[in-house]
Every structure is written in C-alpha cells, then in structure tokens.
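1. what follows is a predicted protein model with its sequence.
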Amino acid sequence: MYKPLKKFLEKEGYVVHSEVEGIDVMAQKGDETLIVEMKTSFNLQLVYQLIERLKITDQVYAYVPLRKGGRWPKPYKRMCALLKRLHCGLMTLDQHTRKQVVVEFEPSPFSSRKNYVKKNLAVKEFEGRSIDLNRGGSTKEILFTAYKEKAIRVAMYLYEHGVSSTKDVKDSLDMDRAADILHKNYMGWFERVSHGKYQLTSEFEFFRLEHQRKIKKLWR
C-alpha cells in the first residue's frame, strides 16, 4: 500500500517519509504538512490515530484498500460519515490493481444535516409506546414495538371477550387502527369468522404463554 501512495503524493509535489515519530506517512510541500494513517481495514485503532494526528495538522487522511463492493456497502458509507465528522480526509487504493490511489474527499469542516424522515419515524414509534417492555442492548429478543403493543391489546380483548366485531374492539379500546390490525393480521393472531367478526388463532396463545409477564404489564 505504501509504494503507490508515496508515488501519488510525490507526483503532487510532496516530499514523503514513512514512520516518522509513529506516523505512518508524513508529507510536506512548502509550509503544508500532510499526514496519512494506513490500515488494511477500517477500525477503532485507526480512529484513535487520526484524532492524535489532528493535534499536529489539519491535513489528516485515512488510507484503506477499496474492497469488493467498492463505495456502495453500508460499512463504507458509515466509515466516510465518521471520517467527515472527524474533519479527516480519505484516500483509497484499488485492492485489485494495487496501483490506483484516489482521494475520495479532503479534510474539511463538518456540516451536520438531520434526516427528518428517520427522526419523525423514531418520534412516532417512541410516542406510540405506552410502557418500556424492551431491554436496552438486546439483540436476540423479540422487540415490543408500538404496533405490537396495539396488536396485543386487540388480541387480549378477543382473549377475554371471544369472537368480536371490529366495531366493538375499536370502540372498547378507543383504537382507530383496530380494524386495520385485524384485517391485515401481520402477527398471524387473528382469524375472520364472518363479515367484520374475528377470533384468536392458536398462534397468539403460544405468544401469550411465552410472554405472560410483559403482556400483564401492558394489559392491566
């Protein structure tokens, strides 16, 4: 990785040296000092090094090989987003040719742009939940979303009252989406027995027995 980088920088008019006081690559052109930290993959150690190099100069770059999938995979985009927040630049080396060095972007002040679509979705989900039934940091547990909360309430109403009409469920629970939840049946818990009337399937009974404590907190 070093040789093509050195050649690239020298072509741009820099004097280049490697391993200078722990710095992977240091280059100078007049009064300008440029630092490049090299890694075969993007990791936290590289981030630490970049932060340290920013104490020396504003011209700090990460330098990594451009792997299969190129510039499209999410990990690459997340790497770019983080580097931009650190005010660092990025150089890449084509992993196949091992010759072409590309400056993907220069170090520059970071301007944050909010994603209001994602924000509104998160706020809507947050406000749609009545209690906190999930454990923070869990990865293999069933998540209780705002939609699932509503579906559980509909199911528990049917559990206690038996076959019921969509109107009865909607009016009793004061839930506008009750009919939609019953009709679309994303959870597989509901079965239509006649026009506008539903009962529970065995799927909900399995779910209820497995999550009795959480359902009890929700349906009380």
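-> Looks like it arrived, so ask away.
2. contacts, neighbours, all on C-alpha from now
-> Fine.
3. so for the lengthiest helix in the chain, what gets flagged as buried?
-> Among the segments of the chain that qualify as a helix by DSSP state H, the longest is helix 146-161. Within helix 146-161, the residues that count as buried by 16 or more other CA atoms under 10 Å are 146, 149-159.
4. and after that helix, which helix or strand comes next?
-> Tracing the chain C-terminally past helix 146-161 and defining elements by DSSP states H and E, one meets strand 164-165 next.
5. which residues touch that next one?
-> In this structure, residues lying in contact with strand 164-165 by CA atoms under 8 Å, 6 or more residues apart in numbering are 158, 196-199.
6. buried among those? Need that as a selection in PyMOL.
-> For anyone working in PyMOL, the buried entries among the contacts of strand 164-165, judged by 16+ other CA under 10 Å, can be selected with:
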select buried, resi 158+197+198+199
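7. can you flag which of the contacts of strand 164-165 belong to helices?
-> Helix and strand membership here follows DSSP H; of those, those in helices are L158.
8. in strands only, show me the contacts of strand 164-165.
-> Secondary-structure check on the contacts of strand 164-165 using DSSP state E: residues within strands are 197-199.
9. what's the closest of these to K114?
-> Checking those against K114 by CA to CA gives Y198 as the nearest, at 42.9 Å.
10. sorry, back to before: just give me the closest of the contacts of strand 164-165 to L44.
-> Out of these, the one with the shortest distance to L44 is L158. That distance is 51.3 Å, counting by CA to CA.
11. show me what the host helix or strand of E104 is in contact with.
-> In this structure, E104 sits in strand 101-105 according to DSSP H and E. For strand 101-105, the surrounding residues in contact (CA under 8 Å, 6+ apart) are 4-5, 8, 89-94.
12. tell me the strands beside it, with direction?
-> Strand 101-105 sits in its sheet next to strand 89-94 (antiparallel), going by DSSP bridges.
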